[in-house]
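**Q** Next one to model:
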Amino acid sequence: MELILDPAAMSGYVVAMTRVGAFALSSPFFKSFPRTGRFAFTVAVGLALAEPFGPAASTSRLVAAMAMNFGIGLVLGFLTGIILHAFEVAGALIDIMSGLNVSQVFDPLTGNQNAVMARAFNLTAITIWLSIGGHRLAVESLAATVRLIPLDGTIRLSSSLAEVATDLVATMLRAAVELGLPSIAALFVAEVAFGLAAKFAPQANVFAVGLPAKLVAALASVGLVFAGFPQAVSASLDSTRELVVTTMRGLGA
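**A** Next up, the predicted model:
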């Protein structure tokens, strides 16, 4: 039996897996996956999206195409993943206001130091994202990028891409505050109440009473925050669909 490898097809596989691998590397959606899972995703989706690269492609052309596709994957994964950070930021705000941030530990999913609520919010958002088909959206988005910018195409960075990133960060911060608003409001009221108590009764040990009271307020109100997670994750999927097209336009597609 003879195994014949087509150079054009193999070049297409390598370039496609470069784009998919860069996307999986920069997207926070896939950081929760083990390394083997990210590699399997890269190989499977890369093989599905691969197209023959063209006859007699030179080494320099192949390297240039890999660099371009690596950049496309990084930009797409980073921008489409920013909205997921809204859940982590919402949890971090609650951690700071409730005092839970003193229990920060290393989170292997994000590579950052996270406290209790930030990590719980992040895990919950990723679980809901997978359960409602976010992984299928990721594959569809990558397939759309191949149609908009072919594997052997060219890109032109547009100034609108920076505006998209800036607006996206602002949207993420606003969504984080809106998501955690029930707990943030309860903790703010508790903070004001203990501030007034310290003003009018300075002899009382407000700190000793205030810390456990804020923890109780955070735990009592966090259920309202979790109740809004399905709708928030679904809205983030809709935003991701629009963002893929906007990003490709910013790359000159």
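
**Q** Quick one: the helices in the stretch 51-200 of the chain, in order.
**A** 59-82, 85-98, 116-131, 134-148, 160-179, 181-200 (DSSP state H, counting those that start in this stretch).

**Q** Out of these, flag the one nearest residue 226.
**A** Comparing these against residue 226 with Cβ to Cβ, the closest turns out to be helix 116-131 (6.7 Å). Heads up, the C-betas are built off the backbone N, CA and C, glycines and all.

**Q** Buried residues, that closest one. List them.
**A** For helix 116-131, burial by neighbour count (16 or more other Cβ atoms under 10 Å) applies to 116-126, 128-129.

**Q** Redo the helices of the stretch 51-200 of the chain as TSV? Include distance to residue 241.
**A** Below are the helices of the stretch 51-200 of the chain laid out as TSV (distance: least, Cβ to Cβ, whole Å):
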stretch	distance to residue 241
helix 59-82	9
helix 85-98	17
helix 116-131	13
helix 134-148	7
helix 160-179	14
helix 181-200	26
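
**Q** So which of the ones you listed is the most surrounded?
**A** Greatest average neighbour count among those goes to helix 85-98 (a mean of 24), per mean count of other Cβ atoms under 10 Å.

**Q** and it with helix 160-179, angle?
**A** Taking axes from the mean of the first three to the mean of the last three Cα atoms, to 10 degrees, helix 85-98 and helix 160-179 form an angle of 40 degrees between their directions.

**Q** which outside residues touch helix 85-98?
**A** Helix 85-98 is contacted by residues 28, 100-101, 110, 114-122, 124-125, 172-173, 175-177, 179-180, 183-184, 187-188, 191, 214-215, 217-218, 222, 225, 229, 232, 236 when judged by Cβ atoms under 8 Å, 6 or more residues apart in numbering.

**Q** Please repeat the previous calculation with a cut-off of 6 Å.
**A** 101, 115, 117-118, 121-122, 125, 172, 175-176, 179-180, 183, 187, 214-215, 218 (Cβ atoms under 6 Å, 6 or more residues apart in numbering).

**Q** And stretch 229-248, by the same measure?
**A** 76, 79-80, 83, 124-125, 128-129, 137, 141, 144, 148, 164, 179.

**Q** now, the most widely separated pair of these?
**A** 124 and 148 (32.5 Å).

**Q** Residue 172 touches residue 81, doesn't it?
**A** No - at 10.1 Å, residue 172 does not count as touching residue 81 under the criterion of Cβ atoms under 6 Å.

**Q** gap between the helix or strand harbouring residue 237 and the chain center?
**A** Under the criterion of DSSP states H and E, residue 237 resides in helix 229-250. Remark: helix 229-250 is offset 11 Å from the chain centroid, using Cα atoms, centre = their mean, to the nearest Å.

**Q** Dump that helix to PDB, keeping only the CA atoms.
**A** Extracted C-alpha coordinates of helix 229-250, given in PDB (Å, rounded to 0.1, in the frame of the first residue of the first chain):
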ATOM      1  CA  PHE A 229     -26.700  33.800  34.400                       C
ATOM      2  CA  PRO A 230     -28.600  31.900  31.700                       C
ATOM      3  CA  GLN A 231     -29.900  35.100  30.100                       C
ATOM      4  CA  ALA A 232     -26.500  36.800  30.400                       C
ATOM      5  CA  VAL A 233     -24.600  33.900  28.800                       C
ATOM      6  CA  SER A 234     -27.300  33.700  26.000                       C
ATOM      7  CA  ALA A 235     -26.800  37.400  25.400                       C
ATOM      8  CA  SER A 236     -23.100  37.000  25.200                       C
ATOM      9  CA  LEU A 237     -23.500  34.400  22.500                       C
ATOM     10  CA  ASP A 238     -25.600  36.800  20.400                       C
ATOM     11  CA  SER A 239     -22.900  39.500  20.900                       C
ATOM     12  CA  THR A 240     -20.200  37.000  19.900                       C
ATOM     13  CA  ARG A 241     -21.900  36.300  16.600                       C
ATOM     14  CA  GLU A 242     -22.000  40.000  15.700                       C
ATOM     15  CA  LEU A 243     -18.500  40.500  17.000                       C
ATOM     16  CA  VAL A 244     -17.100  37.900  14.600                       C
ATOM     17  CA  VAL A 245     -18.300  39.800  11.600                       C
ATOM     18  CA  THR A 246     -17.100  43.100  13.000                       C
ATOM     19  CA  THR A 247     -13.700  41.700  13.800                       C
ATOM     20  CA  MET A 248     -13.300  40.300  10.300                       C
ATOM     21  CA  ARG A 249     -14.300  43.700   8.800                       C
ATOM     22  CA  GLY A 250     -11.700  45.300  11.000                       C
END
